[in-house]
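Student: just need the structure, nothing else, for what follows:
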Amino acid sequence: MERLLGTLMKKYYQNKSTPTYFGIGNDYLDVITMRYRVFGAVWQLHNGYRYIIGYWFGDNKKDILNFINCGRWAKLVDQEGQIEEVYHMVREKQEKELWKKRIKLPNNIKHQENWIEKKTGWYIIKSYNHFPCTLTCIQKTKYNIWIEHICVCESNNDIKKLLNLINLEHNIKLIPDEFINCM
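Tutor: Residues are numbered from 1 along each chain as shown. Now for the predicted structure:
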C-alpha cells in the first residue's frame with residue numbers, strides 16, 4: 001500500500017512540474033451532434049509526445065473555459081495555435097475506433113421490408129445528402145446483416161477515402177454512386 005501511495009505521489013509531483021497546455025478554436029465538427037462547434041482541449045508534452053488530458057465541445061468559448069476551469073489544472077499555457085493538431089489527433093482516434101467496430105444486426109432486421117428485397121452484397125448508407133454526414137458500410141450475407149464500418153464524412157474526399165479503404169480491405173469495388181440515402 002505504501003509503495004502504491006509513493007508511486008501516486010511521485011506521479012502527482014511529476015505532473016505538477018510538467019507544463020499543461022490548452023487551446024480553444026472555432027468551427028470544429030462535434031461528431032456526437034454533427035454540428036460545427038467550439039473545441040477546446042488540455043494536454044501535456046512528455047518525451048516529445050502530446051498526451052491529451054481532456055477535450056470538450058461547446059456552443060461558445062465561455063463554455064469551454066468553464067469545462068477547463070473545472071479541471072483545476074495549475075498554470076495552463078495558452079497554445080491556441082496547436083488546437084487544430086490536437087483536434088486532428090482526437091478525430092483520428094475516433095476514426096480508428098469506428099473502423100474496427102463490426103456489429104451483427106439482430107436477425108429480425110433481415111426480415112424487415114426494406115432488407116428482405118435486397119440481394120446478398122455490400123451497401124453504403126449515407127445519413128444525409130449534405131455534409132457532415134455518416135456513411136455506414138453494410139454487408140448482407142445469406143443469413144446475417146453486418147455493419148462493417150462507420151465513418152463521419154465532412155467532404156467528398158472523405159467519402160472517396162472511405163470507399164478506397166473498404167475496397168482494399170474487403171477486395172470489392174464499391175463506387176460513390178452506390179448509396180442508399182436514409183433521411
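
Student: any stretches of the chain with poor pLDDT?
Tutor: Scanning the chain for pLDDT under 70 picks out the ranges 1-17, 74, 176-183.

Student: can we see that at 80?
Tutor: Low-confidence segments of the chain, defined by pLDDT under 80: 1-18, 71-76, 78, 80, 111, 175-183.

Student: what residue is smack in the middle of it?
Tutor: Note on the chain: the residue nearest the mean C-alpha position is residue 94, at 2.7 Å, using Cα atoms, centre = their mean.

Student: tell me the helix or strand right after the helix or strand containing that residue.
Tutor: According to DSSP states H and E, residue 94 maps onto helix 83-100. The helix or strand immediately downstream of helix 83-100 is strand 103-104, counting by DSSP H and E.

Student: which other helices and strands contact that next one?
Tutor: In terms of contacts (3 or more Cβ pairs under 8 Å, 6 or more residues apart in numbering; DSSP states H and E), strand 103-104 is packed against strand 145-153. C-betas here are computed from N, CA, C, even on glycine.

Student: following the strand it packs on, which helix or strand shows up next?
Tutor: helix 156-170.

Student: and the angle from that following helix to helix 83-100?
Tutor: If you take axes from the mean of the first three to the mean of the last three Cα atoms, to 10 degrees, helix 156-170 sits at 40 degrees to helix 83-100.

Student: list of residues touching helix 156-170?
Tutor: Contact partners of helix 156-170, identified using Cβ atoms under 8 Å, 6 or more residues apart in numbering, comprise 99, 122, 124, 135, 137, 139, 148-149, 151-153, 172-176.

Student: so which of those wins on neighbours?
Tutor: Neighbour counts for those (other Cβ atoms under 10 Å) peak at residue 137, which has 23 neighbours.

Student: quickly list what it is bridged to.
Tutor: Note on residue 137: beta-bridge partners by DSSP bridges are residue 124, residue 149.
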